[in-house]
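[1] build me a model from this:
(one chain, ligands or ions: 1)
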Amino acid sequence: MKNVLETDVAGLKLKNPTMLAAGILGLSMESLMSVANAGAGAVVSKSLGIEPRHGYGNPTVVQVEGGVLNAMGLPNPGIQVFIQEMAENRLTVPLILSLYAFAPKEFATAATKASTAEVNGLELNVSCPHASGTGQELGRDPKLIMDIVKAVRETVNMPLFVKLTPNVTDIVGLAKAAEKAGASGITAINTVKAMAIDIETSKPILANIIGGLSGSAVRPIALRCVYEIYESVKIPIIGCGGVDSWQTAVQFLQAGASAVQIGTAIATKGLSIFREVNDGVERFLKRKSYGSVKEIVGLSHRS
Ligand code: SIN
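    Alright, predicted model coming up:
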(Lines give C-alpha, C1' and ligand atoms only; values in the text may rest on other atoms or scores of the structure.)
Protein backbone atom coordinates (compact mmCIF):
# COMPACT_ATOMS: atom_id res chain seq x y z
CA MET A 1 0.00 0.00 0.00
CA LYS A 2 1.25 3.49 -0.84
CA ASN A 3 2.78 5.46 2.04
CA VAL A 4 1.02 8.84 1.81
CA LEU A 5 3.57 10.38 4.20
CA GLU A 6 6.57 9.59 2.02
CA THR A 7 8.27 12.69 0.67
CA ASP A 8 11.58 14.07 -0.46
CA VAL A 9 13.30 17.24 0.58
CA ALA A 10 16.16 18.49 -1.56
CA GLY A 11 16.95 14.96 -2.68
CA LEU A 12 16.61 13.37 0.76
CA LYS A 13 14.07 10.56 0.70
CA LEU A 14 11.94 10.64 3.86
CA LYS A 15 9.41 8.04 4.97
CA ASN A 16 7.47 10.86 6.62
CA PRO A 17 7.80 14.66 6.89
CA THR A 18 8.99 14.85 10.52
CA MET A 19 12.57 15.49 11.61
CA LEU A 20 14.38 15.87 14.90
CA ALA A 21 15.35 19.55 15.31
CA ALA A 22 18.98 20.43 16.06
CA GLY A 23 19.87 20.77 19.73
CA ILE A 24 18.05 17.87 21.37
CA LEU A 25 19.30 14.27 21.67
CA GLY A 26 21.65 14.95 18.80
CA LEU A 27 25.12 13.96 19.95
CA SER A 28 25.22 10.17 20.22
CA MET A 29 24.32 7.34 17.86
CA GLU A 30 22.28 5.81 20.67
CA SER A 31 20.06 8.87 21.18
CA LEU A 32 19.70 9.56 17.45
CA MET A 33 18.65 5.95 16.97
CA SER A 34 16.03 6.26 19.68
CA VAL A 35 14.54 9.23 17.82
CA ALA A 36 14.62 7.39 14.50
CA ASN A 37 13.03 4.33 16.11
CA ALA A 38 10.33 6.58 17.58
CA GLY A 39 9.27 7.44 14.02
CA ALA A 40 11.20 10.54 12.90
CA GLY A 41 11.70 10.72 9.13
CA ALA A 42 15.17 12.26 9.56
CA VAL A 43 17.39 13.45 12.40
CA VAL A 44 19.57 16.53 12.83
CA SER A 45 22.61 16.56 15.12
CA LYS A 46 23.35 19.13 17.80
CA SER A 47 25.31 22.00 16.21
CA LEU A 48 28.96 21.03 15.92
CA GLY A 49 32.03 23.21 15.55
CA ILE A 50 35.60 22.46 14.59
CA GLU A 51 36.80 22.80 18.19
CA PRO A 52 35.10 21.30 21.27
CA ARG A 53 33.13 23.87 23.27
CA HIS A 54 31.93 23.82 26.87
CA GLY A 55 29.03 26.21 26.47
CA TYR A 56 27.70 28.54 29.18
CA GLY A 57 27.30 27.92 32.89
CA ASN A 58 23.97 27.00 34.48
CA PRO A 59 21.12 27.74 34.32
CA THR A 60 21.03 27.15 30.57
CA VAL A 61 17.35 26.24 30.24
CA VAL A 62 14.21 27.66 31.82
CA GLN A 63 10.57 26.85 31.20
CA VAL A 64 8.45 29.91 30.48
CA GLU A 65 4.83 30.43 29.53
CA GLY A 66 4.28 28.87 26.13
CA GLY A 67 7.71 27.42 25.72
CA VAL A 68 11.29 26.99 26.75
CA LEU A 69 14.09 29.52 26.91
CA ASN A 70 17.60 28.21 26.34
CA ALA A 71 21.12 29.52 26.19
CA MET A 72 23.40 26.51 26.18
CA GLY A 73 26.22 28.25 24.35
CA LEU A 74 26.66 25.64 21.61
CA PRO A 75 28.28 22.98 23.82
CA ASN A 76 29.63 20.10 21.73
CA PRO A 77 32.58 17.72 21.61
CA GLY A 78 33.82 19.00 18.24
CA ILE A 79 33.06 17.64 14.83
CA GLN A 80 35.87 15.06 14.83
CA VAL A 81 34.53 13.31 17.93
CA PHE A 82 31.04 13.30 16.44
CA ILE A 83 32.36 11.77 13.20
CA GLN A 84 33.95 8.97 15.25
CA GLU A 85 30.67 8.50 17.11
CA MET A 86 28.95 8.13 13.72
CA ALA A 87 31.60 5.79 12.34
CA GLU A 88 29.13 2.98 12.44
CA ASN A 89 26.02 4.78 11.33
CA ARG A 90 23.18 2.38 12.12
CA LEU A 91 20.43 4.89 11.39
CA THR A 92 17.72 3.88 8.97
CA VAL A 93 16.75 7.50 8.30
CA PRO A 94 18.79 10.40 6.83
CA LEU A 95 21.21 12.13 9.21
CA ILE A 96 21.74 15.87 8.81
CA LEU A 97 24.73 17.37 10.53
CA SER A 98 24.24 20.85 11.99
CA LEU A 99 27.34 23.04 11.75
CA TYR A 100 28.32 26.37 13.22
CA ALA A 101 31.51 28.34 12.58
CA PHE A 102 32.86 31.86 12.90
CA ALA A 103 33.64 32.72 9.25
CA PRO A 104 32.87 31.45 5.74
CA LYS A 105 36.23 29.69 5.38
CA GLU A 106 35.76 27.92 8.70
CA PHE A 107 32.30 26.75 7.62
CA ALA A 108 33.92 25.28 4.50
CA THR A 109 36.57 23.50 6.59
CA ALA A 110 33.91 22.11 8.93
CA ALA A 111 31.82 21.00 5.95
CA THR A 112 34.82 19.20 4.43
CA LYS A 113 35.32 17.31 7.68
CA ALA A 114 31.60 16.56 7.88
CA SER A 115 31.60 15.16 4.36
CA THR A 116 34.00 12.43 5.46
CA ALA A 117 31.32 11.15 7.85
CA GLU A 118 28.30 9.04 7.05
CA VAL A 119 25.92 11.97 6.89
CA ASN A 120 23.27 12.71 4.29
CA GLY A 121 23.11 16.49 4.51
CA LEU A 122 24.27 19.60 6.32
CA GLU A 123 22.35 22.31 8.14
CA LEU A 124 24.25 25.57 8.59
CA ASN A 125 23.44 27.21 11.91
CA VAL A 126 23.68 30.91 11.11
CA SER A 127 20.94 31.72 13.58
CA CYS A 128 21.82 30.95 17.21
CA PRO A 129 20.56 34.17 18.86
CA HIS A 130 23.10 34.52 21.67
CA ALA A 131 26.58 33.26 20.71
CA SER A 132 29.32 35.76 20.20
CA GLY A 133 30.95 35.78 16.74
CA THR A 134 28.73 33.12 15.24
CA GLY A 135 25.03 32.24 14.78
CA GLN A 136 22.84 35.21 13.97
CA GLU A 137 25.78 37.60 14.31
CA LEU A 138 26.68 36.19 10.88
CA GLY A 139 23.28 35.14 9.65
CA ARG A 140 21.51 38.49 9.94
CA ASP A 141 23.58 39.74 7.00
CA PRO A 142 22.48 38.42 3.57
CA LYS A 143 25.93 39.09 2.12
CA LEU A 144 27.59 36.96 4.81
CA ILE A 145 25.01 34.22 4.28
CA MET A 146 25.95 34.22 0.60
CA ASP A 147 29.66 34.05 1.40
CA ILE A 148 29.11 31.16 3.83
CA VAL A 149 26.86 29.15 1.53
CA LYS A 150 29.15 29.71 -1.47
CA ALA A 151 32.20 28.65 0.52
CA VAL A 152 30.46 25.46 1.66
CA ARG A 153 28.95 24.79 -1.76
CA GLU A 154 32.37 24.96 -3.41
CA THR A 155 33.58 22.37 -0.92
CA VAL A 156 30.87 19.75 -0.63
CA ASN A 157 28.20 18.32 -2.84
CA MET A 158 25.39 17.24 -0.56
CA PRO A 159 22.00 18.64 0.46
CA LEU A 160 22.71 21.92 2.20
CA PHE A 161 20.10 23.55 4.43
CA VAL A 162 20.47 27.00 5.97
CA LYS A 163 18.73 27.55 9.31
CA LEU A 164 17.58 31.16 9.53
CA THR A 165 16.96 33.52 12.40
CA PRO A 166 13.58 35.20 12.88
CA ASN A 167 15.33 38.04 14.73
CA VAL A 168 15.46 40.30 11.67
CA THR A 169 13.04 42.51 9.83
CA ASP A 170 13.53 40.70 6.52
CA ILE A 171 13.91 36.92 6.79
CA VAL A 172 12.84 36.62 3.15
CA GLY A 173 15.96 38.53 2.10
CA LEU A 174 18.07 36.00 4.02
CA ALA A 175 16.30 33.07 2.36
CA LYS A 176 16.79 34.58 -1.09
CA ALA A 177 20.49 35.11 -0.39
CA ALA A 178 20.87 31.47 0.70
CA GLU A 179 19.06 30.24 -2.41
CA LYS A 180 21.11 32.43 -4.75
CA ALA A 181 24.34 31.13 -3.23
CA GLY A 182 23.40 27.51 -3.80
CA ALA A 183 21.55 26.30 -0.70
CA SER A 184 19.36 23.24 -1.27
CA GLY A 185 16.80 24.24 1.33
CA ILE A 186 15.88 26.59 4.16
CA THR A 187 15.11 25.68 7.77
CA ALA A 188 12.85 28.29 9.33
CA ILE A 189 13.19 29.22 12.14
CA ASN A 190 15.75 29.11 14.94
CA THR A 191 14.71 30.46 18.33
CA VAL A 192 13.45 33.95 19.08
CA LYS A 193 15.83 36.11 21.15
CA ALA A 194 14.31 36.42 24.62
CA MET A 195 14.89 36.50 28.38
CA ALA A 196 13.28 35.76 31.77
CA ILE A 197 13.67 37.48 35.17
CA ASP A 198 13.34 36.07 38.69
CA ILE A 199 11.48 38.82 40.59
CA GLU A 200 12.69 37.64 44.02
CA THR A 201 16.33 38.16 43.13
CA SER A 202 15.54 40.70 40.40
CA LYS A 203 18.11 38.90 38.28
CA PRO A 204 17.87 37.40 34.79
CA ILE A 205 17.36 33.63 35.18
CA LEU A 206 19.68 32.39 32.44
CA ALA A 207 23.37 32.57 33.24
CA ASN A 208 23.87 34.08 29.80
CA ILE A 209 20.99 36.56 30.47
CA ILE A 210 19.75 36.34 26.88
CA GLY A 211 18.55 33.12 25.32
CA GLY A 212 16.35 31.74 22.57
CA LEU A 213 12.63 31.02 22.95
CA SER A 214 11.12 27.89 21.40
CA GLY A 215 7.77 26.11 21.72
CA SER A 216 4.19 27.05 21.01
CA ALA A 217 4.77 30.74 21.81
CA VAL A 218 6.92 31.13 18.69
CA ARG A 219 4.70 29.08 16.36
CA PRO A 220 2.79 32.01 14.80
CA ILE A 221 6.12 33.74 14.08
CA ALA A 222 7.59 30.58 12.54
CA LEU A 223 4.46 30.00 10.50
CA ARG A 224 4.54 33.54 9.14
CA CYS A 225 8.23 33.15 8.23
CA VAL A 226 7.58 29.88 6.35
CA TYR A 227 4.60 31.42 4.57
CA GLU A 228 6.57 34.47 3.44
CA ILE A 229 9.66 32.52 2.42
CA TYR A 230 7.55 30.08 0.37
CA GLU A 231 6.32 32.99 -1.75
CA SER A 232 9.87 34.06 -2.60
CA VAL A 233 12.10 31.01 -3.06
CA LYS A 234 11.88 27.77 -5.04
CA ILE A 235 14.02 25.59 -2.78
CA PRO A 236 12.19 23.51 -0.13
CA ILE A 237 11.55 24.81 3.37
CA ILE A 238 11.70 22.84 6.60
CA GLY A 239 9.36 24.37 9.17
CA CYS A 240 10.57 24.57 12.76
CA GLY A 241 9.09 26.33 15.77
CA GLY A 242 6.34 25.07 18.03
CA VAL A 243 5.29 21.91 16.17
CA ASP A 244 3.63 19.93 18.97
CA SER A 245 0.69 18.14 17.34
CA TRP A 246 -0.42 16.82 13.94
CA GLN A 247 -2.60 19.90 13.50
CA THR A 248 0.34 22.28 13.96
CA ALA A 249 2.42 20.15 11.57
CA VAL A 250 -0.34 20.46 8.96
CA GLN A 251 -0.34 24.24 9.43
CA PHE A 252 3.37 24.36 8.57
CA LEU A 253 2.93 22.08 5.54
CA GLN A 254 0.05 24.19 4.26
CA ALA A 255 2.12 27.36 4.82
CA GLY A 256 4.77 25.91 2.52
CA ALA A 257 7.04 23.60 4.52
CA SER A 258 7.97 20.31 2.87
CA ALA A 259 8.82 18.83 6.28
CA VAL A 260 8.75 19.91 9.91
CA GLN A 261 11.31 19.70 12.69
CA ILE A 262 10.29 18.88 16.25
CA GLY A 263 12.33 19.86 19.30
CA THR A 264 10.69 21.43 22.34
CA ALA A 265 7.63 19.14 22.17
CA ILE A 266 9.93 16.20 22.92
CA ALA A 267 10.49 17.74 26.36
CA THR A 268 6.76 17.98 27.05
CA LYS A 269 5.36 14.93 25.22
CA GLY A 270 8.33 12.60 24.86
CA LEU A 271 9.42 10.82 21.70
CA SER A 272 5.88 9.59 21.06
CA ILE A 273 5.28 13.02 19.50
CA PHE A 274 6.71 11.69 16.20
CA ARG A 275 4.12 8.87 15.92
CA GLU A 276 1.37 11.20 17.15
CA VAL A 277 2.16 13.73 14.42
CA ASN A 278 2.63 11.15 11.66
CA ASP A 279 -0.51 9.19 12.50
CA GLY A 280 -2.54 12.39 12.70
CA VAL A 281 -1.21 13.79 9.41
CA GLU A 282 -1.90 10.45 7.71
CA ARG A 283 -5.48 10.35 8.98
CA PHE A 284 -5.96 13.97 7.85
CA LEU A 285 -4.64 13.23 4.34
CA LYS A 286 -6.93 10.20 4.00
CA ARG A 287 -9.97 12.05 5.35
CA LYS A 288 -9.36 14.80 2.78
CA SER A 289 -8.67 12.24 0.01
CA TYR A 290 -5.11 13.36 -0.68
CA GLY A 291 -2.79 10.78 -2.21
CA SER A 292 0.42 12.28 -0.83
CA VAL A 293 1.60 14.71 1.82
CA LYS A 294 3.25 16.65 -1.01
CA GLU A 295 -0.19 17.74 -2.18
CA ILE A 296 -0.77 19.92 0.85
CA VAL A 297 2.60 21.71 0.79
CA GLY A 298 1.85 25.40 0.25
CA LEU A 299 -1.91 24.80 0.00
CA SER A 300 -2.68 27.98 1.98
CA HIS A 301 -1.25 30.01 -0.88
CA ARG A 302 -3.65 28.51 -3.39
CA SER A 303 -6.89 28.76 -1.44
C1 SIN B 1 22.68 26.63 22.13
O2 SIN B 1 23.47 25.68 22.06
O3 SIN B 1 22.82 27.51 22.98
C4 SIN B 1 21.53 26.73 21.18
C5 SIN B 1 21.94 26.68 19.78
C6 SIN B 1 21.09 27.52 18.87
O7 SIN B 1 20.28 28.33 19.33
O8 SIN B 1 21.24 27.41 17.65
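[2] near the ligand, which residues of this structure?
    For the chain, the residues in contact with the ligand (Cβ under 6 Å from any ligand atom) are G23, S47, N70, A71, M72, G73, L74, N125, C128, N190, T191, G212. Quick note: C-beta positions are derived from backbone N, CA and C, even for glycine.
[3] buried ones among the residues you listed?
    Among the residues of the chain next to the ligand, those classed as buried by 16 or more other Cβ atoms under 10 Å are G23, S47, N70, A71, M72, G73, L74, N125, C128, N190, T191, G212.
[4] about what we covered before: closest one of the residues of the chain next to the ligand to L97?
    S47 (9.1 Å; Cβ to Cβ).
[5] ok so, going back, dump the buried ones among the residues of the chain next to the ligand to TSV, plus secondary structure and pLDDT.
    Shown next, in TSV, are those (DSSP: H, G, I helix; E, B strand; the rest coil; pLDDT from 0 to 100):
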residue	secondary structure	pLDDT
G23	coil	95
S47	coil	98
N70	strand	98
A71	coil	98
M72	coil	97
G73	coil	98
L74	coil	98
N125	strand	98
C128	coil	98
N190	coil	98
T191	coil	98
G212	strand	98
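[6] how about the strands in the stretch 201-303 of the chain?
    Secondary structure of the stretch 201-303 of the chain (DSSP state E, counting those that start in this stretch): strands located at 203-204, 211-214, 237-240, 257-262.
[7] and the contacts of the longest one?
    This points to strand 257-262. Residues outside strand 257-262 that contact it (Cβ atoms under 8 Å, 6 or more residues apart in numbering): 7, 9, 14, 17-22, 40-42, 44, 185, 187-188, 226, 230, 236-240, 243-244, 249, 252-253, 273-274, 277, 294, 297.
[8] from those, which land in helices?
    Per DSSP state H, helices hold the following members of these: V226, Y230, A249, F252, L253, I273, F274, V277.
[9] what's the ChimeraX line that selects buried ones from those?
    Buried members of the ones in helices among the contacts of strand 257-262, defined by 16+ other Cβ under 10 Å, are picked up in ChimeraX with:
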select :226,230,249,252,253,273,274,277
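[10] now the ones in helices among the contacts of strand 257-262 in JSON lines, with pLDDT and distance to Y290?
    Formatted as JSON lines, the ones in helices among the contacts of strand 257-262 follow (pLDDT from 0 to 100; distance: Cβ to Cβ, whole Å):
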{"residue": "V226", "pLDDT": "98", "distance to Y290": "19"}
{"residue": "Y230", "pLDDT": "98", "distance to Y290": "18"}
{"residue": "A249", "pLDDT": "99", "distance to Y290": "14"}
{"residue": "F252", "pLDDT": "99", "distance to Y290": "16"}
{"residue": "L253", "pLDDT": "98", "distance to Y290": "11"}
{"residue": "I273", "pLDDT": "98", "distance to Y290": "22"}
{"residue": "F274", "pLDDT": "98", "distance to Y290": "20"}
{"residue": "V277", "pLDDT": "98", "distance to Y290": "16"}
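[11] distance to N157 added to the ones in helices among the contacts of strand 257-262, as a markdown table?
    A markdown table is the format used below for the ones in helices among the contacts of strand 257-262 (distance: Cβ to Cβ, whole Å):
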| residue | distance to N157 |
| --- | --- |
| V226 | 27 |
| Y230 | 26 |
| A249 | 30 |
| F252 | 28 |
| L253 | 28 |
| I273 | 33 |
| F274 | 30 |
| V277 | 31 |
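[12] the ligand: which of the ones in helices among the contacts of strand 257-262 is nearest?
    Set against the ligand, the nearest of the ones in helices among the contacts of strand 257-262 by Cβ to the nearest ligand atom is V226 (17.8 Å).
[13] ok, that closest one touching Q251?
    No: V226 is beyond contact range of Q251, at 9.1 Å (criterion: Cβ atoms under 8 Å).
[14] who does the residue in the stretch 151-300 of the chain that the ligand sits nearest to form a beta bridge with?
    Nearest residue of the stretch 151-300 of the chain to the ligand (Cβ to the nearest ligand atom) works out as G212 at 4.7 Å. Note on G212: beta-bridge partners N70, K193, judged by DSSP bridges.
[15] what residues are up against it?
    L69, N70, A71, C128, P129, H130, N190, T191, V192, K193, A194.
[16] any chance of the residues you listed in CSV, plus distance to E51?
    Formatted as CSV, the contacts of G212 follow (distance: Cβ to Cβ, whole Å):
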residue, distance to E51
L69, 26
N70, 21
A71, 19
C128, 16
P129, 21
H130, 19
N190, 21
T191, 23
V192, 28
K193, 25
A194, 28
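[17] pLDDT below threshold where in this protein?
    303 (pLDDT under 70).
[18] just read off the phi/psi values of the residue of it positioned farthest from its centre.
    Centroid-distance maximum for the chain: E200 at 35.1 Å, with Cα atoms, centre = their mean. Here is the backbone geometry of E200 (degrees, to the nearest 10): phi -70, psi -40.
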